[in-house]
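**Student:** I'd like to go over a predicted model; first the sequence, then the structure.
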Amino acid sequence: MKFEAKNDLKRIVVVCFAALMMALNIKTFVRAGGLYPGGATGLTLLVQRSAKLFFHIAIPYTFVNVLLNAVPIYIGFRFIGKKFTLYSCLMIVLTSVLTDMLPGYAITYDTLLISIFGGMINGLAISLCLAVNATSGGTDFIAIYLSDKKGIDSWNMVLGLNVIILAAAGVLFGWDKALYSIIFQYASTQVLHELYKKYQQNTVLVVTNHARDVYEAIARVCNHSATIMEGEGSYEHRERKVVYSVISSAEIKKVMKAIKEADPHAFVNVMKTEQLSGRFYQKPTD
């Protein structure tokens with residue numbers, strides 16, 4: 001593992017802020033609404049409430065959450081990246097400790113508002129972690145592992161896994177909270193889709209007279225290759241080159257800027273890629 005003072009300090013600050021945000025969200029929205037957010041967080045709350053209801057035992061959030069993340073942390077170290085997992089461990093432990101230490105304040109008792117805004121805050125906290133190559137633990141590790149292995153956006157698959165946890169919560173504590181928790185999880189997933197685009201792809205078509213310069217600009221920014229095709233402008237009947245490439249949605253702004261620098265007169269069309277088969281480069285997680 002290589003550490004760079006400036007970048008790693010930034011990562012630590014962002015992870016600490018995300019941990020504080022998630023802990024406050026749990027204490028103000030999640031617990032006030034009696035929700036189960038899914039993943040390790042939801043499972044931890046489910047274990048806590050079950051222990052208190054059936055055995056009259058108060059179990060610390062930190063103990064249960066860290067224990068439940070043991071296997072996902074192993075998956076992270078083994079298959080994803082050591083630094084990624086190290087910063088994720090910081091997020092998991094700090095969130096757990098803050099959840100136990102911080103006092104709870106109920107902003108509202110409207111369960112629908114709690115489900116929507118709590119889910120949005122949860123998705124924002126997770127997105128901040130992912131932006132600096134970390135995660136909040138639990139099923140997020142599984143999502144990253146599947147996304148790296150399959151090269152697809154797998155957050156909806158994780159949403160499906162979380163439904164199992166919510167079903168257990170519904171059987172034990174009532175279906176109204178479980179159903180509201182699905183709204184919470186859906187809102188969180190949609191925020192993730194909007195803010196974290198690493199595993200979403202765009203098709204880029206560039207009509208240009210400087211195809212080689214455009215290709216080199218794309219390769220320099222995101223290390224993706226391209227296909228150069230022959231074309232003809234139908235209005236002027238002049239020969240044109242068309243550069244075709246598929247890139248990560250997270251890199252589209254940098255790529256567009258590089259293309260315009262390589263050829264200010266290039267005609268660029270960006271389309272969302274629905275499905276991709278074949279070799280596609282993904283920057284490895286450290």
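**Tutor:** Right, received. Where do you want to start?
**Student:** low-confidence ranges, the stretch 51-200 of the chain, go.
**Tutor:** 147-160 (pLDDT under 70).
**Student:** tell me where it has helices.
**Tutor:** 61-68, 70-75, 82-101, 111-131, 139-150, 155-173, 175-195 (DSSP state H, counting those that start in this stretch).
**Student:** need the contact list for Pro72.
**Tutor:** Contact analysis of Pro72 by C-beta atoms under 8 Å, 6 or more residues apart in numbering lists Ala40, Gly137, Gly138, Thr139, Asp140, Phe141, Ile142. Where you see a C-beta, it was placed from the backbone N, CA and C, and this is true even at glycine.
**Student:** the same query, at a cut-off of 6 Å, please.
**Tutor:** Gly137, Gly138, Phe141 (C-beta atoms under 6 Å, 6 or more residues apart in numbering).
**Student:** measure the second one to Ala187 for me?
**Tutor:** What it means is Gly138. Distance of Gly138 to Ala187, given as C-beta to C-beta, to the nearest Å: 18 Å.
**Student:** higher neighbour count, the two?
**Tutor:** More crowded of Gly138 and Ala187, by other C-beta atoms under 10 Å: Gly138, with 28 against 19.
**Student:** tell me how many other residues crowd the closest residue in space to the more buried one that isn't next to it in sequence.
**Tutor:** Among residues not flanking Gly138 along the chain, Ala40 sits closest, at 2.8 Å (C-beta to C-beta, 6 or more residues apart in numbering). When neighbours are counted by other C-beta under 10 Å, Ala40 registers 25.
**Student:** pLDDT value on Ala40, please?
**Tutor:** pLDDT for Ala40: 83.
**Student:** for the helix or strand harbouring it, packing partners?
**Tutor:** When elements are assigned from DSSP states H and E, Ala40 belongs to helix 39-54. Here helix 39-54 touches helix 61-68, helix 155-173, going by 3 or more C-beta pairs under 6 Å, 6 or more residues apart in numbering; DSSP states H and E.
**Student:** could I get those helices as TSV with distance to Gly34 and mean neighbour count?
**Tutor:** Shown next, in TSV, are the helices and strands packed on helix 39-54 (distance: least, C-beta to C-beta, whole Å; neighbours: other C-beta atoms under 10 Å):
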stretch	distance to Gly34	mean neighbour count
helix 61-68	15	19
helix 155-173	7	17
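**Student:** could you redo those as TSV and give each row distance to Ala250?
**Tutor:** What follows is the helices and strands packed on helix 39-54, written out as TSV (distance: least, C-beta to C-beta, whole Å):
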stretch	distance to Ala250
helix 61-68	29
helix 155-173	14
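**Student:** nearest to Ala211, of these?
**Tutor:** helix 155-173 (35.7 Å; C-beta to C-beta).
**Student:** next, count neighbours for the spatially closest residue to Lys254 that is not a sequence neighbour.
**Tutor:** With C-beta to C-beta, 6+ apart as the criterion, Lys254 has its nearest non-adjacent residue at 5.0 Å, and that residue is Val221. Other residues near Val221 number 17, with proximity taken as other C-beta under 10 Å.
**Student:** please apply the same query to Asn223.
**Tutor:** 12.
**Student:** for it, phi and psi?
**Tutor:** Per-residue torsions, Asn223: phi 60, psi 20 (degrees, to the nearest 10).
**Student:** over to His265?
**Tutor:** Dihedral angles (degrees, to the nearest 10) for His265: phi -100, psi 10.
**Student:** and the one 3 residues further on, by the same measure?
**Tutor:** Taking degrees, to the nearest 10, you get phi -120, psi 130 for the backbone angles of Val268.
**Student:** I'd assumed Arg240 was in contact with Ala211.
**Tutor:** No. Distance between Ala211 and Arg240: 8.9 Å, which falls outside the contact criterion (C-beta atoms under 6 Å).
**Student:** higher neighbour count, those two?
**Tutor:** Taking other C-beta under 10 Å, Ala211 and Arg240 do not tie; Ala211 has more neighbours (22 against 17).
**Student:** give me every residue that touches Leu90.
**Tutor:** Contact partners of Leu90, counting by C-beta under 6 Å, 6+ apart, are Val15.
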